[in-house]
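S.K.: Sequence and predicted structure, then a few things I'm wondering about:
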4 protein chains.
Amino acid sequence: MTWRVGILGATGAVGQKMIRCLADHPWFRVTEVAASERSARKSYADAAHWMQDSAIPDGVSRLEVKFAQPGLECDFVLSALDSAVAGPIEEQFALAGYPVISNSRNHRMDEDVPLVIPEVNPDHLELISWQKEQRGYTTGYLVTNPNCSTVGLTMALKPLEDAFGVAEVFVVTMQALSGAGYPGVASLDAVDNVIPFISGEEEKMETEPRKILGHLAGRTVRFADFKVSAHCNRVPVMDGHLESVSVRLKNKVSIADVRRALVEFEGEPQRMGLPTAPHHPILVSDDSDRPQPRRDRDAGKGMTVSVGRIRPCEIADFRFTVLVHNTIRGAAGAAILNAELLADRGLIPHRDRAEASTVARERV
Amino acid sequence: MTWRVGILGATGAVGQKMIRCLADHPWFRVTEVAASERSARKSYADAAHWMQDSAIPDGVSRLEVKFAQPGLECDFVLSALDSAVAGPIEEQFALAGYPVISNSRNHRMDEDVPLVIPEVNPDHLELISWQKEQRGYTTGYLVTNPNCSTVGLTMALKPLEDAFGVAEVFVVTMQALSGAGYPGVASLDAVDNVIPFISGEEEKMETEPRKILGHLAGRTVRFADFKVSAHCNRVPVMDGHLESVSVRLKNKVSIADVRRALVEFEGEPQRMGLPTAPHHPILVSDDSDRPQPRRDRDAGKGMTVSVGRIRPCEIADFRFTVLVHNTIRGAAGAAILNAELLADRGLIPHRDRAEASTVARERV
Amino acid sequence: MTWRVGILGATGAVGQKMIRCLADHPWFRVTEVAASERSARKSYADAAHWMQDSAIPDGVSRLEVKFAQPGLECDFVLSALDSAVAGPIEEQFALAGYPVISNSRNHRMDEDVPLVIPEVNPDHLELISWQKEQRGYTTGYLVTNPNCSTVGLTMALKPLEDAFGVAEVFVVTMQALSGAGYPGVASLDAVDNVIPFISGEEEKMETEPRKILGHLAGRTVRFADFKVSAHCNRVPVMDGHLESVSVRLKNKVSIADVRRALVEFEGEPQRMGLPTAPHHPILVSDDSDRPQPRRDRDAGKGMTVSVGRIRPCEIADFRFTVLVHNTIRGAAGAAILNAELLADRGLIPHRDRAEASTVARERV
Amino acid sequence: MTWRVGILGATGAVGQKMIRCLADHPWFRVTEVAASERSARKSYADAAHWMQDSAIPDGVSRLEVKFAQPGLECDFVLSALDSAVAGPIEEQFALAGYPVISNSRNHRMDEDVPLVIPEVNPDHLELISWQKEQRGYTTGYLVTNPNCSTVGLTMALKPLEDAFGVAEVFVVTMQALSGAGYPGVASLDAVDNVIPFISGEEEKMETEPRKILGHLAGRTVRFADFKVSAHCNRVPVMDGHLESVSVRLKNKVSIADVRRALVEFEGEPQRMGLPTAPHHPILVSDDSDRPQPRRDRDAGKGMTVSVGRIRPCEIADFRFTVLVHNTIRGAAGAAILNAELLADRGLIPHRDRAEASTVARERV
């Protein structure tokens, strides 16, 4: 039994990566690719400036790009829309009955929208029923995944928060060029240089982890009460965000305790055997100079977060280095794993084709 | 009136940079270049794998490389020796009557050796007389400058420590490839990558600033009582160490106060007009994305430290980004500015040639 | 006696470099900066996204950017206009009486427009009088300099053509990122990659050298009769175009003859001592692995072309490697040296201010 | 039925890549890893500074590294030995009865040693019987694959030589950093730079293709009679050698003919379905800016050579751009494909364990 997927923002960097990651997916089949008016009505091969490391999957190459509005023949949509337009379009799809699983930032902090990493807070999906009720959605709803650099940090914090309580987090990121999309960072800015600023990034890292690690309290999420201070830098690396992290805990523990908590961490995707779930969500390295972006980003096909250099901190309790593949675990793969979790839980009904067409006609 | 300079470790990366920086120096003239036995007796042009951006200065190109032992015809030595051998050789030179101004780490933490940034703690030079007395040196002595990444951080901390008192410092460095010397980092490790480890670097950053910002108390330096936590990373940048810093102060002040303290900072080198002193030791940028290594490292001919992104911190009191040219202000230029300070204060006597030769004969 | 210069296209990459190169010029003073309507009426500091390695020269920073049309108060204009608009605007300025010294490609191949490298074909400036007559210009005229990669190749070919006759030239370029302007090449295209295509570049390299090395024949230039085959590639280097060249000569000579012809080459700029002329237009290296972009591009302040690896060729007669600083000798410096040559020859009259204003009023 | 493989030079960059490529090989199983005395008797995991993009295969990780001398328990050896030592060691193994399939350059030009690309000149393997006879080998022999940049060029020339006759070849390479091994090129030489020299490389490119495309004439290979002129450059790219090529043919043909010959090319590995053979040995791109190293090097799992920009040449007949993955098709994969070809032809007998041990004892 497979689900039909529509990709919103299919021609952009994250949309391409979604299509790439879904090439041989056992559950999901891309049946619709949607983008802005400029790309609409072209074949996908003509519309997309394809930049992945293998050719466009056969089934997608010849699809006609649709304008991103309800009426698509698919069971749910993955949204990689630019945040300049994602907000209202995603709402239209949810209202028209489509589960919308979005990588865009627009609805992440909405009180009734789950911001989910499947290994971390799958229980937040309970917000969906309240969201539907409140917004008048029928079968549709909105689920989001976090910002790329937030994913790596939050996955590493989760076992620590559960076991010891997190009090304060200092994090300095060294983020890859692919995080800025295409054309993104000019080579004259990138080569032999570091840019110590990424617009909006520090704010996201300082709030998103607190929602994700927060607790469901009736119809809302009570944010976790730790503080995060983030410095975000852009470095000349293709893929893989590296983060230097210092953590103060609520309860004092040994480095061995911290290490064990990270090593033993697993979540629902591992227990359920979701197709995109890595065997180990976190891989702990004991080498003195790992993780490194080029050498570790592809662990678990880009879905494993690498942690290394776990050691005491002169000021906080301990510190470590985290690496996350920003366009896979931090974007396309994050959305797909959310979709798998939802499908596995029976939260993605199969739309029948007639219904989809009806909705489309009604809305026109 | 000029001084004759001998360069110890003259063929290495830092030794080359010293020679480059001294090319048109108004006070100092390179008369001796010394290195290991392997290079000895060759011409400098033959012995050095010269890698600076302009040709070897004429006066130096044809000098014969000497073995690094006392007997050199010069008034003082600048040491760029490898730390594997620097310790005893530098002591031999001091004992033989040479002021030794060293970039090597070996004697930095010796209790009676000043670790000096001229703008920050010129008063620590008073340790010299106690050092001479204790070690039985006559005209010779040892003075050191800090590690490359320490220099940038400590210069930025100095005006804050003086005005507001520093309590805690979180710093994450993104350090340039030139900091590892030549051949140093393999290109297969450097390109499209970050290495989250630099041997010994975090320890230096966590102790050296506390000595430099410490207070003279009789015959020793009472270390400053703040704590530093450092994460050191190597990024694919040629020159210029960038550092993300969060600071907790003893006294609460506004961002405007912090900014003003940094902008108004100057020291003895500026007041005395030392040749290598930059007009501004610290340049504060108000652009949102500066400083950047490639664009700002050459400010003040590499002697100006750039600070930007001064803003509140979610956890500490405020945070900012620092850039220091690691091979100039952080190494060669640091030693030269120390030499200028010592010369200006009358602490570098002119050795007469006969004396130098005598010493040499005696020691053989 | 100084001349007042107006910069057309002043906010772009080449315009900026012109302003940078003119910062302390002994003859020329920038009095006008002109650009598109979008930048007009702002201060230069506000309009330009300044990216040079030192601050905007004081005198230019506060200039008001004008719209690029005649009426500027200056004795001549340097044009760094985008080729999409350069053609007619440059003609307007020439018609309004301004000598126009252009880096843009638009008029390079016009029959009556000199395409000049001062060391190579200063005699082609004789076309100016015919150009004026034919186009009805009074004091104004058009002079152009070649494409960046053409300059390096053609300077190396000049002494060979003169002495031995050039028959065929194979050239493969490895061109720097700065040649594409800003933002230019996306970092996702540049890092860990080579792009084997630069639009229009091969055509320029295959025709421009033949005009430059051609002979004046009355009112036209008879193109040199050699053939050029060019492959142009973009490599991840900031500045400096490297070129692998194989040459077949008309007369067979030894490698020593070729080397000597290159070493001894000099031209009118050297004999006249023009301010921007390098001491040696060509620097021949005998090191086995030079020239290299990062290490040799700044020779002669970016105005010296470096040649190395002169050796026999298995097929043609000999081969070598050429390096040219693409934004200095290949663009901004090329135009400035042309202006110096024209000024030195008395071909740039001093416009009086009233006249300039009159022209401006008449044209509005 | 599988063959046991011994890897000589197993700890180096090419040896590692061989082990990586053999991880899930259907025919070959690594049973021995051999290296210099320095690594001998350690476990492979301890001896190798592993730098591949996935972990050491389980079966190899715990193997004890042996000193590289006969006595290894395997059916044949793949040699990735350093050329400083490869010559005599490979001969010892051949004499001791081992088929030696080598990537090293030492025996490539020996008259009785086949230099083979399986798609190009599998018939040259006939030299083996003459080699055995002449050298007194029993079951052992030597077979080599070409230099990394030669492979790409020669595969592209093969269909042209067959169909139209090649007369002259101009080639300029832009070679990846991994071609120099580890640590190889220093990052201070590589970043923001091109090095216009690779020791010995041009000579290899100018001779090896002529042997490979030569014809068997009794007990020797009559070299093909075309000439090659090569310029070799090192560019800051991780993997993938790019080459700009101009070709003069013996018979004049159209670009369409050239294109068709390249597209339709296939060889024995494709017809036999050898495990490592790519579906297409040559992939022709019609995009104007391909092939590019980062985007095309992994085509056919690194075994497909990409060709693009086929177009007329101003001097020769036509020109194009070639890309070859230098450490796979140009080294480790080249040797493995040779081994597959030999195994498929029945030229690799299964040594029995007793025999191997006997040989070992005899030689000690």
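M.R.: That came through fine.
S.K.: Might you name the residue of the stretch 51-200 of chain A sitting closest to chain D?
M.R.: Nearest residue of the stretch 51-200 of chain A to chain D: residue A:192, at 5.0 Å (Cβ to the nearest Cβ). The C-beta positions use only the backbone N, C-alpha and C, and glycine is treated the same way.
S.K.: can you tell me how far that residue sits from chain C?
M.R.: 6 Å (Cβ to the nearest Cβ, to the nearest Å).
S.K.: Hmm, that residue is touching residue B:235, no?
M.R.: No. Using Cβ atoms under 8 Å, residue A:192 is not in contact with residue B:235; the gap is 10.0 Å.
S.K.: so what sits against both of the two?
M.R.: Both residue A:192 and residue B:235 are contacted by residue A:236, under the criterion Cβ atoms under 8 Å, 6 or more residues apart in numbering or on different chains.
S.K.: re the thing from before, quick one: contacts for the residue of the stretch 51-200 of chain A closest to chain D?
M.R.: A:236, B:236-238, B:293-294, C:238, D:191-192.
S.K.: so what's it scoring on pLDDT?
M.R.: If you check residue A:192, the pLDDT there is 97.
S.K.: quick one: it from residue D:192, how far?
M.R.: From residue A:192 across to residue D:192, the span is 5 Å (Cβ to Cβ, to the nearest Å).
S.K.: Then residue A:217?
M.R.: The value you get for residue A:217 to residue D:192, if Cβ to Cβ is used, is 54 Å.
S.K.: got it, and residue A:250?
M.R.: 47 Å.
S.K.: and what of residue A:111?
M.R.: As judged by Cβ to Cβ, residue A:111 and residue D:192 stand 49 Å apart.
S.K.: Tell me how far the helix or strand hosting residue A:128 lies from the chain's centre.
M.R.: Residue A:128 belongs to helix A:127-135 when assigned by DSSP states H and E. The chain centroid and the centroid of helix A:127-135 are separated by 21 Å, computed with Cα atoms, centre = their mean, to the nearest Å.
S.K.: got the CA positions of the helix or strand just after it in CSV?
M.R.: The first helix or strand that comes after helix A:127-135 along the chain, using DSSP H and E, is strand A:141-144. C-alpha atoms of strand A:141-144 as CSV (Å, rounded to 0.1, in the frame of the first residue of the first chain):
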residue,chain,number,x,y,z
TYR,A,141,-3.7,19.6,8.9
LEU,A,142,-0.3,21.1,9.3
VAL,A,143,2.8,19.4,10.7
THR,A,144,6.3,21.0,10.6
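S.K.: mean confidence for strand A:141-144?
M.R.: Rounded mean pLDDT across strand A:141-144 is 98.
S.K.: which residues sit against that strand?
M.R.: Counting by Cβ under 8 Å, 6+ apart, A:90-91, A:94, A:99-105, A:107-108, A:110, A:113-116, A:125, A:128, A:131-132, A:338, A:342 sit against strand A:141-144.
S.K.: and those residues, which of them are in helices?
M.R.: A:90-91, A:94, A:128, A:131-132, A:338, A:342 (DSSP state H).
S.K.: Tabulate those residues (JSON lines), appending pLDDT and distance to chain B.
M.R.: Listed next are the ones in helices among the contacts of strand A:141-144 as JSON lines, based on pLDDT from 0 to 100; distance: Cβ to the nearest Cβ, whole Å:
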{"residue": "A:90", "pLDDT": "98", "distance to chain B": "29"}
{"residue": "A:91", "pLDDT": "98", "distance to chain B": "31"}
{"residue": "A:94", "pLDDT": "98", "distance to chain B": "33"}
{"residue": "A:128", "pLDDT": "97", "distance to chain B": "31"}
{"residue": "A:131", "pLDDT": "97", "distance to chain B": "29"}
{"residue": "A:132", "pLDDT": "97", "distance to chain B": "34"}
{"residue": "A:338", "pLDDT": "98", "distance to chain B": "28"}
{"residue": "A:342", "pLDDT": "98", "distance to chain B": "33"}
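S.K.: Could you point out which of those is nearest to residue A:177?
M.R.: residue A:338 (25.2 Å; Cβ to Cβ).
S.K.: pLDDT weak spots in the stretch 1-150 of chain A?
M.R.: For the stretch 1-150 of chain A, no stretch is flagged by pLDDT under 70.
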